[in-house]
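Visitor: quick one, fold the following:
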Amino acid sequence: MSHSNPNTNRTLVTVATYNEMENLPRLVEEVLRHLPQADLLVIDDNSPDGTGEWCDQQSAREPRISCLHRPGKLGLGTAIIAGMKYAIQQGYRYMLNMDADFSHQPKYLPALLAGMDPPDGPPVDVMIGSRYIPGGGVEGWPLKRQLMSRGVNLYARWLLGLSPKDCSGAFRGYRTAVLAKLDFDGIRSRGYSFQEEILWQLKRLGARFGETPIVFLERQRGLSKIDSSEAAAALKIIFALGLQNWLRR
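Guide: Okay, here's the model as predicted:
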């Protein structure tokens, strides 16, 4: 594919998948319905359930859909980085990232995109679909998981000096001109601490953050991929980055 002019208003929606055949066909339809002007990149980690093959069939018919195949399950962080690099290389102005399981509702995509260039203020470099600002929320989570999520957010915001209320969600819009300044090789997180680390890295580059409310839905189909060892590893990395952050001060 050719490098396009980065001044065009092209938008790329990225979705990382591993065994999401139950969700993906409907998700793709919804994304393209809510953002018909966008392109969609599926980053598939060699799903045994045929997700990648389905994507290839679709992209043969629909020019807005592309699929990036990876050899195996390499972690959510590296999948999002692959999407970021693709967005930069292909000259997109914006990259919107979301989960494949409908916990992130496609109906919020237009607000995420519009928030990057507010009519009444400076441009935003990272627009976060936020559960923790007025109008946002979570449906279908037990209290324990809600408390854990809020706890991780507070911990990350305090340690890393981040201003957004929701630092751990993956539903975000990025301005690719700012992503292009990142040193991707310097990013340590592979799993769930990636969301906090990328904000911290972008903050150090002077990025402006914005938030728009979303209601997060617990996945309806398929299996969740998080486990407690990954959560513990995430806390460790955030702590190490926080230490770096405080020592710099």
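Visitor: lowest average confidence, helix or strand, in this protein?
Guide: helix 228-248 (a mean of 75; mean pLDDT, DSSP states H and E).
Visitor: for F209, give the beta-bridge partners.
Guide: In this entry, F209 is beta-bridged to V126, by DSSP bridges.
Visitor: what's the spacing between it and S149?
Guide: 19 Å (C-beta to C-beta, to the nearest Å). Every C-beta, even on glycine, is put in place using the N, C-alpha and C of the backbone.
Visitor: what's the answer for P119, then?
Guide: 32 Å.
Visitor: the two: who's more crowded?
Guide: S149 (18 against 5; other C-beta atoms under 10 Å).
Visitor: show me what contacts the nearest residue to that one once chain neighbours are set aside?
Guide: Of all residues not flanking S149 in the chain, S168 sits nearest, at 6.5 Å (C-beta to C-beta, 6 or more residues apart in numbering). Going by C-beta atoms under 8 Å, 6 or more residues apart in numbering, S168 touches S149, V152, N153, A156, Y192, Q195, E196.
Visitor: kindly report the same for I214.
Guide: Here I214 is in contact with H104, Q105, Y108, G129, S130, R131, G136, G169, F171 (criterion: C-beta under 8 Å, 6+ apart).
Visitor: which of those residues are buried, as a ChimeraX select command?
Guide: In ChimeraX, this line selects whichever of the contacts of I214 come out buried by 16 or more other C-beta atoms under 10 Å:
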select :104,105,108,129,130,131,136,169,171
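Visitor: determine which two of the contacts of I214 are furthest apart.
Guide: Q105 and S130 (13.4 Å; C-beta to C-beta).
Visitor: who does the strand or helix carrying V138 pair up with?
Guide: When secondary structure is defined by DSSP states H and E, V138 falls within strand 137-139. Note on strand 137-139: by DSSP bridges, its sheet partners are strand 215-217 (parallel).
Visitor: follow-up on the earlier one: now do the least confident helix or strand of the chain: which elements does it pack against?
Guide: Identification of packing neighbours for helix 228-248 by 3 or more C-beta pairs under 8 Å, 6 or more residues apart in numbering; DSSP states H and E yields helix 143-160, helix 194-204.
Visitor: nearest to G75, of these?
Guide: helix 194-204 (7.9 Å).
Visitor: got the contact list for the closest one?
Guide: With C-beta under 8 Å, 6+ apart as the criterion, helix 194-204 contacts 75-77, 80, 125-126, 156, 160-162, 164, 167-170, 178-179, 182-183, 186-189, 209, 234, 237-238, 241, 245.
Visitor: again with stretch 118-130
Guide: With C-beta under 8 Å, 6+ apart, stretch 118-130 has contacts from 98, 104, 108, 112-113, 115-117, 136, 164-167, 169, 171-175, 178, 199, 202, 207-214.
Visitor: tell me how far H104 lies from N19.
Guide: 17 Å.
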